[in-house]
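Peer 1: Sequence and predicted structure below; questions after.
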Amino acid sequence: MSFFKYILNTIPRPILIKLSYWVRPLLAFYLKGSKYTDPIDGKSFRKFLPYGYGIQRPNVLSPSTLSLERHRLLWLYLQNETDFFEPNKSSKDPETSSGLKKVLHMAPEQCFLKRFKKLKHIDLVTADLYSPIVDIKADILNLPFEDNSFDIIFCNHVLEHIEDDKKAMQELYRVLKKGGFGIFQIPQDYSRATTYEDFSITLPEERTKHFGQYDHVRVYGSDYFNRLRAVGFTVNEVNYAKKLSEQEMDKYRLMKGEILPVCFKS
C-alpha cells in the first residue's frame, strides 16, 4: 500500500487536522482533478477522502479544507440564501449601522475560521470550553455574554455532547438578538420520532455503540426542531439540498435529505 493510500484509508479526521499543515497540501496535490469540488475554497479533485468513526463513509472529506458534507451544505446555504457574506448596509440598528454583524461561533470549524475572520463586515467572537483556537473560553451552559448580544450564532455539532441540552439552547436563545438567526446543526436520525438518550451510559465504547461516537450523549430524532422551539426559537427546517440538482449534489459531495435548523428569535 502506498503512503498516500495509507493516509486516505487509515488516518481519522482529528489526526488529519493536526497533521494538516504539511499533509493537507500533499493530499490536495495528489488528488487534484476536476470531478468533485469543494465550494468553500473552489478547489477540485478526482476524489475526496474517506471519513467516519468505525464505519467510514467514502469520498466525503475535502483534501483542501477538510470539510465534510455538512460544512459544504452550510457554506452553500449561507452563500446563496443569506446576506452573511455581504455587508449589512441597510441596517437601522445603531449598533450595526457601521455594517458590522456581531457573530458568535461556538466550537468553530477550522474550514470556516480563517475565512470568517477575513470578512471585514463581521465582528466575530469564537468560544468553546476546551478548544485552544478560540477567543474566549466559555461554557455553553453559562455563556459570558449579555442578553441580545449577537446577530448570528453558529453552534454546530455541539449539543449532542451536552447532557443538559435544554439549558444550552436557552443560553443560545438568550444571547441572540431579536431578529437574529442561528444555525445549530447536529447529527440526526430522521427515522427516529424521538431523541434517544440515556445518561447512565458513560463508558466511551458504550456511547459509541449507542450514540455513534464515544463523546456523544444522545441521538437526536425528528423532535430536535421542537426541542429548539420549546425554548423560544422560531425554527425553519431547511432542506436546502432540494434546491440543488443531482449533479451538484454529487459534485459537492453532499448528503441527501440533510435538514438545516435555521433558528430565529422573534
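Peer 2: Structure received. Note that the structure is a prediction, hence the values are computed from the model and not measured.
Peer 1: All the strands of the stretch 51-200 of the chain, residue numbers only.
Peer 2: With strands called from DSSP state E, counting those that start in this stretch, the stretch 51-200 of the chain shows them at 57-61, 101-106, 122-128, 136-137, 150-155, 176-183, 196-197.
Peer 1: can you tell which of those is closest to residue 261?
Peer 2: For those, the distance to residue 261 is smallest for strand 176-183, at 6.7 Å, taking Cβ to Cβ. For every residue, glycine as well, the C-beta is placed using N, CA and C.
Peer 1: For that closest one, buried residues please.
Peer 2: 176, 177, 180, 181, 182, 183 (16 or more other Cβ atoms under 10 Å).
Peer 1: the helices in this protein, which residues?
Peer 2: Listed in chain order, the helices of the chain (DSSP state H) span residues 3-10, 13-30, 69-81, 110-117, 165-175, 204-211, 224-230, 246-251.
Peer 1: Give me the neighbour count for the nearest residue to residue 237 once chain neighbours are set aside.
Peer 2: Nearest residue to residue 237 in three dimensions, chain neighbours excluded: residue 259, at 5.1 Å (Cβ to Cβ, 6 or more residues apart in numbering). Residues within reach of residue 259, counting by other Cβ atoms under 10 Å, total 19.
Peer 1: what's residue 259 sitting at in phi/psi?
Peer 2: Torsion angles at residue 259 (phi, psi; degrees, to the nearest 10) stand at phi -110, psi 130.
Peer 1: And it, how far from residue 58?
Peer 2: Distance, residue 259 to residue 58, using Cβ to Cβ, to the nearest Å: 23 Å.
Peer 1: thinking the residue nearest to residue 237 is in contact with residue 189, fair?
Peer 2: No. Look at residue 259 against residue 189 with Cβ atoms under 8 Å: they stay out of range, at 11.9 Å.
Peer 1: Can I get the strands of the stretch 51-200 of the chain in CSV including mean pLDDT and distance to residue 72?
Peer 2: What follows is the strands of the stretch 51-200 of the chain, written out as CSV (pLDDT from 0 to 100; distance: least, Cβ to Cβ, whole Å):
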stretch, mean pLDDT, distance to residue 72
strand 57-61, 94, 9
strand 101-106, 97, 17
strand 122-128, 97, 20
strand 136-137, 98, 27
strand 150-155, 98, 15
strand 176-183, 98, 14
strand 196-197, 98, 27
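Peer 1: mind putting these in JSON lines, distance to residue 165 included?
Peer 2: What follows is those, written out as JSON lines (distance: least, Cβ to Cβ, whole Å):
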{"stretch": "strand 57-61", "distance to residue 165": "25"}
{"stretch": "strand 101-106", "distance to residue 165": "13"}
{"stretch": "strand 122-128", "distance to residue 165": "16"}
{"stretch": "strand 136-137", "distance to residue 165": "20"}
{"stretch": "strand 150-155", "distance to residue 165": "11"}
{"stretch": "strand 176-183", "distance to residue 165": "14"}
{"stretch": "strand 196-197", "distance to residue 165": "9"}
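Peer 1: For residue 233, which of those strands is the nearest?
Peer 2: strand 176-183 (7.7 Å).
Peer 1: buried residues in stretch 34-54?
Peer 2: Result for stretch 34-54 [16+ other Cβ under 10 Å]: buried residues 36, 37, 38, 39, 40, 43, 45, 48, 49, 50, 51.
Peer 1: and which of those residues is nearest residue 150?
Peer 2: residue 40 (22.6 Å).
Peer 1: Could I get the contacting residues of that closest one?
Peer 2: Applying Cβ atoms under 8 Å, 6 or more residues apart in numbering to residue 40 gives the contacts 62, 65, 67, 71, 72, 75, 111, 112, 115.
Peer 1: So for it, what's the pLDDT?
Peer 2: Looking at residue 40, its pLDDT stands at 98.
Peer 1: same thing with residue 1?
Peer 2: Taking residue 1 on its own, its pLDDT is 42.
Peer 1: so residue 163 touches residue 216, yeah?
Peer 2: No. The criterion here is Cβ under 8 Å, and residue 163 misses it with residue 216 at 10.9 Å.
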